[in-house]
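In: My questions are about this predicted structure, shown below with the sequence.
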Amino acid sequence: MGERLIELRDITKSFGSVYALGGVNLHVDVGEVVGLIGDNGAGKSTLIKILAGVLKPTSGRILVRGKPTSGWSAARSREAGIETVFQDRALAVQQSIVRNIFMGREIAGRFGWLNVGKEISEARRLMREIGFTSKVFSPYSIVGQLSGGERQGVAIARAIYKQADLIILDEPTTALSLTETAKVFHFIRQVKASGRSIMFIGHNIHHVFDIADRFVVVDRGKVVLQTSRAGVATAEQLINFMEDVAHPMAVPVSPSAQASP
Amino acid sequence: MIDLAEPILEEEDDGRHPAERPLRRFFLANRASLGSLAVFLAMMAIFLIANPRVFSSWALYSSVLTTLPVALFLVVPLVFIVTAGEIDLSFPAIVGFASLAFAAVVQAGYDPFLGFAAAIVTGVALGLVVGVLVVYANLSSLVATLGMNFMLRGLILIITQSKSIALETLDGSWASTIFSSDVLGVPVQILWALAFVIFSAFLFNRHRFGAQVHVVGDNPDSAAEMGIDVKRVRVKVFAFMGLGAAFAGVFSTMINFTWWPTSGDGYLLPVLASVFVGGTPPWGGIGTVFGGAVGALTVSFIQTGIVGAGLSGFYVQFFNGLIIILSLLGHRWNQVRYR
């Protein structure tokens, strides 16, 4: 077990009388890739929004590097080094890669004049760090000309520039082809290699399976399974488990891992 | 194998990529304005062939260079507004109001420079009012600025009882030498306007403000998520429009030392046309300041050109429209809208 980066304890969230989350315990360690899996409506997005500070939990505690926090908010989440990449609204597609990376944090000198040279070299450094380099594009390229996987690269480079310790990728490979998914995985491995953590949300288990160190399965507002990669033999085993959770009538298959209540 | 691949990759990274070759990058980045320039040059070539005598005389260019600056002061900030995803139809009335402030101060016997300052304050203040109204009341900028144009023009007519103001004291003053004279036969206004265009182009492309204008017009949700105060940026572009309107107002009043209650009115459609003829698309997120300037040049030469080419004035409107449509078709083919 590495160092705890962030930990959620007994988090509940209710909207009126409806419980979206009923007592979730979840943690991410430094340099870890966590795959968060669950069906639509399982509570994944509520969980991410709480981590991002967009939603406030109804009850429960959030610990950053082992220290309890109070007044959790979007700003607090950013201070803690958490950056969320929402697939659909992340990028300004008519702008260059550089302008997207430095959006809202332009490198500017006196009176706000941009230091374009420094932005380009910094962009190149960030792109190289996550293995986001190619002969067909440069920091000057327009994001709209990039493929879906490459666009995720831009979003990830931007998150790294913002000094994120934990990058949350919301369905980064949904609607991507296999080659594009491979590109995103390549970025994620590079980010992990740099010692940062990633939480990867998806409902395609095959996608998550290839990349995650640990899986967290949520269902109906609860974490129903937390297991390390070593605890699961194949993706099918995980799929069977999820089907078992969704339809308890089926033959139970329990992976050799501790299922949380 | 990796050892072999690495250095080559490094080289590619360090500026050998096609999109990074300076010349190619220049062409790619300035596609729209270069296209507009080509349209302008083609048009001028046709005029020159149609009537070589008129079009090789300096007097024609000198007269265009006197009125063009007023349009440039308006076209350039409008490029910012359109790029930010808004539109402004209230600038003609702001031109009128700002120049009224200038005329009132000069008429009262104060220094014209003080009048200029009064015009700038008035213009920026009115731009802010329009911007705050559009942005914070969340109104459609198309309709709200149309309303403001009527309202402000109405106020001008009420205040002045629709009387013009003659400013004889300006004749021969320092201010008129600096802002409205000839340098070696070149109207000095065009130099001021050029300085404004160049400064604004840097503001647009190389300044935090310009970068944020682009992003806000492209994807406001994303901009807001990245911590940009989207509303503030939008209000600022309207204030900048007010500044341009103030310059335009003062320079147009200085041309013949008279303030007219209709001051600024005739610029609405030509200025709008110039922005789009110049290659700024109407959907926001991208734009070109130099293209807008070339658009203004094109639009102001159409009228002069057609009359100069020996056609009757009846043709002016038709050719105005024709050039606008042809330019839009050209840009359509030249630009891709990424989503």
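Out: Received it, and whenever you're ready, just let me know what you need. Numbers count the residues shown, from 1 in each chain, chains lettered A, B, ... in the order given.

In: Give me the neighbour count for residue 67.
Out: Went with chain A since none was named. For residue A:67, the number of neighbouring residues by other CB atoms under 10 Å in any protein chain shown comes to 10. Heads up, the C-betas are built off the backbone N, CA and C, glycines and all.

In: um, chain B though
Out: Residue B:67 has 18 neighbours, counted by other CB under 10 Å.

In: That one is in contact with residue B:300, isn't it?
Out: Yes - counting by CB atoms under 8 Å, residue B:67 sits close enough to residue B:300 to count as a contact (6.5 Å).

In: Now do the shared contacts for those two.
Out: Listed contacts common to residue B:67 and residue B:300 are nil; contacts here mean CB atoms under 8 Å, 6 or more residues apart in numbering or on different chains.

In: ok, then the element right after the longest helix along chain A?
Out: Secondary structure of chain A per DSSP state H: the longest helix is helix A:178-193. Following the chain from helix A:178-193 toward its C-terminal end, the next helix or strand by DSSP states H and E is strand A:197-202.

In: What parts of chain B come near chain A?
Out: For chain B, the residues in contact with chain A (CB under 8 Å from any CB of the partner chain) are B:9, B:12-13, B:17, B:19-20, B:25, B:29, B:202, B:206-209, B:211-212, B:214-215, B:218-219, B:221-223, B:225-228, B:285-286, B:336-339.

In: which residues does whichever residue of chain B sits closest to chain A contact?
Out: Chain A sits closest to residue B:338 of chain B, with a gap of 2.2 Å, by CB to the nearest CB. For residue B:338, the set of contacting residues under the criterion of CB under 8 Å, 6+ apart consists of A:93-94, A:142-145.

In: Distance to residue A:135 for these - can I get that in CSV?
Out: Output for the contacts of residue B:338, formatted as CSV (distance: CB to CB, whole Å):
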residue, distance to residue A:135
A:93, 21
A:94, 23
A:142, 16
A:143, 18
A:144, 19
A:145, 14
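
In: buried subset of the residues you listed?
Out: A:93-94, A:142-144 (16 or more other CB atoms under 10 Å in any protein chain shown).

In: out of those, which one sits closest to chain B?
Out: residue A:144 (2.2 Å).

In: quick revisit: so, in contact with chain B or not, the longest helix of chain A?
Out: No - for a cut-off given as CB under 8 Å from any CB, helix A:178-193 has no contacts with chain B; the smallest distance is 14.4 Å.

In: I would like the residues contacting that helix, please.
Out: Residues outside helix A:178-193 that contact it (CB under 8 Å, 6+ apart): A:31-33, A:129-132, A:147-150, A:152-153, A:156, A:160, A:167, A:169, A:172-173, A:176, A:198, A:200, A:207, A:210-211.

In: which of those residues count as buried?
Out: Buried positions within the contacts of helix A:178-193, assessed by neighbour count (16+ other CB under 10 Å), are A:31-33, A:129-132, A:148-150, A:152-153, A:156, A:160, A:167, A:169, A:172-173, A:176, A:198, A:200, A:207, A:211.

In: Strands of the stretch 151-300 of chain B, residue ranges please.
Out: With DSSP state E, counting those that start in this stretch, the ranges of strands along the stretch 151-300 of chain B come out as B:165-166, B:182-183, B:186-187, B:258-259.

In: Does residue B:259 touch residue B:170 like I think?
Out: No - proximity of residue B:259 to residue B:170 does not meet the contact threshold set by CB under 8 Å, at 10.3 Å.

In: Compare neighbour counts for the two and give me the winner.
Out: Each of residue B:259 and residue B:170 had its neighbours counted (other CB under 10 Å), and the higher figure belongs to residue B:259 (26 against 23).

In: So, low pLDDT: which residues of the chain?
Out: If you meant another chain, say so; for now it's chain A. Within chain A, the ranges that satisfy pLDDT under 70 run A:1, A:87-89, A:246, A:248-261.

In: Hmm, no, I was thinking of chain B.
Out: B:1-20.

In: can you do 90?
Out: B:1-36, B:38-39, B:42-44, B:46-67, B:168-187, B:222, B:224-227, B:255-256, B:266, B:300-339 (pLDDT under 90).

In: If we go by neighbour counts, what in the longest helix of chain A is buried?
Out: Residues A:180-181, A:183-188, A:190-192 are the ones in helix A:178-193 that count as buried (16+ other CB under 10 Å).

In: can I get the CA coordinates of it in CSV?
Out: Provided in CSV are the C-alpha atoms of helix A:178-193 (Å, rounded to 0.1, in the frame of the first residue of the first chain):
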residue,chain,number,x,y,z
LEU,A,178,-9.6,0.6,-30.1
THR,A,179,-6.6,2.5,-31.4
GLU,A,180,-7.8,5.7,-29.8
THR,A,181,-8.4,3.9,-26.5
ALA,A,182,-4.8,2.6,-26.7
LYS,A,183,-3.6,6.1,-27.0
VAL,A,184,-5.5,7.2,-23.9
PHE,A,185,-4.1,4.2,-22.0
HIS,A,186,-0.6,5.2,-23.2
PHE,A,187,-1.1,8.7,-21.6
ILE,A,188,-2.5,7.2,-18.4
ARG,A,189,0.6,4.9,-18.1
GLN,A,190,2.9,7.8,-18.5
VAL,A,191,1.0,9.8,-15.9
LYS,A,192,1.2,6.9,-13.5
ALA,A,193,4.9,6.6,-14.2
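
In: between it and strand A:197-202, how big is the angle?
Out: Taking axes from the mean of the first three to the mean of the last three CA atoms, to 10 degrees, one finds helix A:178-193 and strand A:197-202 inclined to each other by 150 degrees.

In: Dead centre of chain A: give me the residue that sits there.
Out: Residue closest to the mean C-alpha point of chain A, counted by CA atoms, centre = their mean, is residue A:168 at 2.0 Å.

In: by contact count, what packs against the host helix or strand of that one?
Out: In this assignment (DSSP H and E), residue A:168 forms part of strand A:166-170. Counting contacts by 3 or more CB pairs under 8 Å, 6 or more residues apart in numbering or on different chains; DSSP states H and E, strand A:166-170 packs against helix A:44-51, strand A:82-86, helix A:148-161, helix A:178-193, strand A:197-202.

In: Please report how far the closest residue to residue B:227 other than its chain neighbours lies from residue B:55.
Out: Distances taken as CB to CB, 6 or more residues apart in numbering or on different chains place residue A:104 nearest to residue B:227, at 4.3 Å, with adjacent residues excluded. Separation of residue A:104 from residue B:55 (CB to CB, to the nearest Å) stands at 49 Å.

In: Kindly tell me how buried residue A:3 is, as a neighbour count.
Out: Other residues within reach of residue A:3, judged by other CB under 10 Å, total 10.

In: from what I can see it touches residue A:29, true?
Out: Yes - Residue A:3 sits in contact with residue A:29 when judged by CB under 8 Å, with a separation of 6.3 Å.

In: which SSE is the residue positioned nearest the centre of chain B in?
Out: Note on chain B: the residue nearest the mean C-alpha position is residue B:75, at 1.3 Å, using CA atoms, centre = their mean. Secondary-structure assignment from DSSP H and E places residue B:75 in helix B:58-83.

In: From the chain's centroid, how far away is that helix?
Out: For helix B:58-83, the distance between its averaged C-alpha position and the chain's averaged C-alpha position is 6 Å (CA atoms, centre = their mean, to the nearest Å).

In: buried stuff in it?
Out: Buried, per 16+ other CB under 10 Å, within helix B:58-83: B:60-61, B:64-83.

In: other SSEs contacting it?
Out: Where contact means 3+ CB pairs under 8 Å, 6+ apart, helix B:58-83 is packed against helix B:91-107, strand B:186-187, helix B:188-206, helix B:208-218, helix B:230-256, helix B:268-277, helix B:289-308.

In: redo that, cut-off 6 Å
Out: Based on contacts counted as 3 or more CB pairs under 6 Å, 6 or more residues apart in numbering or on different chains; DSSP states H and E, the elements that helix B:58-83 packs against are helix B:188-206, helix B:208-218, helix B:230-256, helix B:268-277, helix B:289-308.
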